[in-house]
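Asker: sharing a sequence plus its predicted fold:
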Amino acid sequence: MTLVVTLVLLISSVAHLLAIRLAPRLRLIKSNFLNRPVLGSYGVISFVDIAGLIGAGLALGIVSARDAVLYLTVMGSMCVLGLIDDVFGSREVGGFRGHFTKLFVERKITTGAIKAVGGGIVGIVAGWEVSGGNTARWVTAALIIPLSANVLNIVDLRPCRAVAVFFLGLVVTCVLACGRLAAPWIVLTIALVSLAWAVADSRGRAMMGDSGSNSLGAALGLTIALSLKVYWQIGAIVLLAAVNWYSEKHSISELIAKNRILRAVDNRLGVR
């Protein structure tokens, strides 16, 4: 068993280092908000770390195969969709309205539209697996996963904002679930890896990119769907939908800048 765990972690470490070394060739070096070249889309590398630790947990028998496959499939799918947007996308248009206007009016497919449609499909499929055949849970999970992914994507305009929202959502979920989170080892693994990468993120030395914000947001949405009662999930949907709606018409960064409390908290998250 020790040999298996060691092998899993070794493979993960090699893949991690290989991804960092190949970052320039993979077009993963991006200019941050200060126009400095940094490692962008580190969400791909952090996903490798998470997968390795989940694999170790699976080998140790403290993670169920169902939970491992569910989290890795959801996060992996969202990570790939985000990476497509990171590498091939442009910032010519933004938001659901912008991308779907481009699709239906101008007949042009954007990477944002691909990400939105793909995220919806991931939500529907994962929601069915989570629901256990319960229609209400299927609908709520199918909505929460992509909405949560997009919210973290929306706020990820400055260092560590997305990580902060992830942990806030995780704490609220834990409280509402009375401390009984589903798949605790997996959730802990995701939290620890996110926290480790947050150091570079907060200093403006790396960006998680859409690959990171979408996969991390989807993980939060999946945790909410697995851990909370349907009525709490409905509340989460309303809140997430409200944030998504607001971002279509207003700037989240401007909202933070205008609010004294939000601005004070935001300034403590990293370089500004």
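Answerer: Looks like it arrived, so ask away. Because the structure is a prediction, the values reported are computed rather than measured.
Asker: quick one: end-to-end length of stretch 244-255, please.
Answerer: In stretch 244-255, first residue to last residue: 14 Å (C-alpha to C-alpha, to the nearest Å).
Asker: name the nearest residue to Gly40, ignoring sequence neighbours.
Answerer: Of all residues not flanking Gly40 in the chain, Lys30 sits nearest, at 3.0 Å (C-beta to C-beta, 6 or more residues apart in numbering). C-beta coordinates here come from the backbone N, C-alpha and C atoms, glycine included.
Asker: tell me the secondary structure for the one you found?
Answerer: Secondary structure assignment for Lys30 (DSSP: H, G, I helix; E, B strand; the rest coil): strand.
Asker: shouldn't it be in contact with Val38?
Answerer: Yes: here Lys30 lies in contact with Val38, judged by C-beta atoms under 8 Å, at a distance of 6.6 Å.
Asker: shared neighbours of the two, which are they?
Answerer: The overlap between the contact sets of Lys30 and Val38 (C-beta atoms under 8 Å, 6 or more residues apart in numbering) consists of Met207.
Asker: hmm, back to that, pLDDT score for the residue nearest to Gly40?
Answerer: Looking at Lys30, its pLDDT is 79.
Asker: can you count the residues close to it?
Answerer: When neighbours are defined as other C-beta atoms under 10 Å, Lys30 has 17 of them.
Asker: Leu147 reaches Ala241, doesn't it?
Answerer: Yes: when contacts are counted by C-beta under 8 Å, Leu147 is listed as touching Ala241 (6.2 Å).
Asker: quick one, which of these two is more surrounded?
Answerer: Between Leu147 and Ala241, counting by other C-beta under 10 Å, Leu147 is the more crowded of the two (22 against 15).
Asker: need phi/psi at that one.
Answerer: phi -60, psi -40 (degrees, to the nearest 10).
Asker: how far away is it from Leu176?
Answerer: Separation of Leu147 from Leu176 (C-beta to C-beta, to the nearest Å) stands at 17 Å.
Asker: now the helix or strand where Trp232 lies: buried residues?
Answerer: Element membership for Trp232 (DSSP states H and E) is helix 230-249. By neighbour count on 16 or more other C-beta atoms under 10 Å, the buried set for helix 230-249 is 232-234, 236-237, 240, 243-244, 247.
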